[in-house]
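Asker: this one's sequence-less:
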């Protein structure tokens, strides 16, 4: 008994190591494809919703759902990158004023406390270049557009191929029982990922809107850009909300000549993130994903190491898909149970007569 067990464990470890190595080495090819799948999925879900819209009992957009969804997604993506570019130029122009304010705050701190500011901090403040810093951040974000052409090609072919998916499944799995199991897996993935993306988008939009109101109230520069960043970062579990609070509050620290706006913003945005993240979001999402919080953090770290920020954004959907697939094989169902939050996974073999 021991020899087969050792061989099984060894095989699992080798397969896992090989998979991770493949994901790292194949990142230039696999990452755009993964992003394309998510975009295709969002477009498909949006098109389905548009087709179902009723006006006076009619469905006027039944044949225009896909076109309208493509237009909406295209406008949103172009608007995001346009806003990023405009903000970078504005920050570069305002950078000298930020540097002067940083020096002023350090001088006030020394006078009030009677403490000398450490030379390393003074040197940092004197060499602070907000334009360069924000430019580097924006460059990292804009670099994602470098693969936009490849992503667009993948999305186009996925949209063209999707009408043949059901036909291919029927031909690949002529046995009715096996075909039902495959369709069950695909249906569960579709339902859970769609529910996650929808609810997460609602929560992220609410967080971004409320953050925007707070930023406008305090008077922080580039409030629309920071609100957009809060919206996007909210898709990254745990770490995203921390970064979303840190970046605009750091700007407030150098934008104003006093620390009061910084403290007000830190408390307001921090409280907002805690309220939404610990109260509202759990109530909306509930146990729909049924993922262990520890697994979410581990998946976030793993995919962040493999694929960077995009890996963090995709970590939860990828883990959910993996758990559903593992649940549909007797040999790996125990792993799915370990990944779940409460150990109660959906019956992988429902009785049906389809």
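Answerer: Okay, I see it. Nothing here was measured: the structure is a model prediction, and the numbers come from that model.

Asker: Could you tell me the per-residue confidence at residue 214?
Answerer: Per-residue pLDDT puts residue 214 at 92.

Asker: Would you mind giving the secondary structure of it?
Answerer: Here residue 214 is recorded as helix under DSSP: H, G, I helix; E, B strand; the rest coil.

Asker: now swap in residue 169 and tell me
Answerer: With three-state DSSP as the basis, residue 169 sits in helix.

Asker: For it, give its distance to residue 221.
Answerer: Between residue 169 and residue 221 the computed distance is 53 Å (C-beta to C-beta, to the nearest Å). C-beta here means a position set from N, CA and C on the backbone, and glycine is covered the same way.

Asker: Over to residue 173?
Answerer: Computed with C-beta to C-beta, the distance linking residue 173 and residue 221 is 57 Å.

Asker: In contact with residue 223, which residues?
Answerer: Residues in contact with residue 223 (C-beta atoms under 8 Å, 6 or more residues apart in numbering) are 212, 215, 216.

Asker: Skipping its backbone neighbours, what lies nearest it in space?
Answerer: Closest residue to residue 223 apart from its sequence neighbours, by C-beta to C-beta, 6 or more residues apart in numbering: residue 215 at 3.9 Å.

Asker: what about the one you found, how many neighbours?
Answerer: The number of residues packed near residue 215 is 24, by other C-beta atoms under 10 Å.

Asker: Spell out which residues sit in contact with it, please.
Answerer: 223, 226, 227, 248, 265 are the contacts of residue 215 under C-beta under 8 Å, 6+ apart.

Asker: Using neighbour counts, trim the residues you listed to the buried set.
Answerer: 223, 226, 227, 248, 265 (16 or more other C-beta atoms under 10 Å).

Asker: Just the ones of the residues you listed in helices?
Answerer: 223, 226, 227, 248, 265 (DSSP state H).

Asker: And those, which two are furthest apart?
Answerer: Within those, 227 and 265 form the most distant pair, 12.8 Å apart (C-beta to C-beta).

Asker: before we move on, the earlier item: who's more crowded, residue 173 and residue 221?
Answerer: With neighbours defined as other C-beta under 10 Å, residue 173 and residue 221 compare such that residue 221 has more, 18 against 15.

Asker: Tell me the spacing between that one and residue 328.
Answerer: Shown here: residue 221 relative to residue 328, a distance of 51 Å by C-beta to C-beta.

Asker: now do residue 161
Answerer: 23 Å.

Asker: What of residue 39?
Answerer: Applying C-beta to C-beta, one obtains 26 Å for the distance of residue 39 from residue 328.

Asker: now residue 174
Answerer: 19 Å.

Asker: Over to residue 249?
Answerer: In terms of C-beta to C-beta, residue 249 sits 45 Å off from residue 328.

Asker: Which one's more surrounded, residue 174 and residue 328?
Answerer: residue 328 (18 against 8).

Asker: The more buried one against residue 185, yeah?
Answerer: Yes. Assessed by C-beta atoms under 8 Å, residue 328 is found in contact with residue 185 at 5.2 Å.

Asker: what's the weakest-modelled helix or strand in this protein?
Answerer: The helix or strand of the chain with the poorest confidence is helix 119-126; it has a mean of 48 (mean pLDDT, DSSP states H and E).

Asker: Extract the residue ranges of the stretch 51-200 of the chain that are flagged as low pLDDT.
Answerer: Filtered on pLDDT under 70, the stretch 51-200 of the chain yields the residue ranges 85, 88-89, 91-147.

Asker: Tell me where it has strands.
Answerer: Taking DSSP state E, counting those that start in this stretch to define them, one finds no strands in the stretch 51-200 of the chain.

Asker: residue boundaries of the helices in the stretch 151-300 of the chain?
Answerer: 165-172, 176-218, 223-233, 239-255, 260-275, 281-285, 293-327 (DSSP state H, counting those that start in this stretch).

Asker: Ok, the stretch 1-150 of the chain next?
Answerer: 2-25, 27-51, 65-113, 119-126, 130-142, 148-161.

Asker: which residues touch stretch 306-325?
Answerer: 20, 23-24, 27, 31, 34-35, 38, 140, 144, 185, 188-189, 192-193, 196-197, 235-237, 239-240, 289, 291, 295-296, 299-300, 302-305, 336, 339-340, 345.

Asker: Buried ones from the residues you listed, can you make that a ChimeraX selection?
Answerer: In ChimeraX syntax, the buried subset of these is picked out as below (16+ other C-beta under 10 Å):
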select :23,27,31,34,35,38,144,185,188,189,192,193,196,197,235,236,237,240,289,291,295,296,299,300,302,303,304,336,339,340,345
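
Asker: And for the residue nearest to residue 340 when sequence neighbours are not counted, the neighbour number?
Answerer: If the residues on either side of it in the chain are set aside, residue 340 comes closest to residue 290, at 4.9 Å by C-beta to C-beta, 6+ apart. Residues lying near residue 290 (other C-beta under 10 Å) number 18.

Asker: ok, residue 290 touching residue 337?
Answerer: No. Contact between residue 290 and residue 337 fails when scored by C-beta under 8 Å: they sit 10.3 Å apart.
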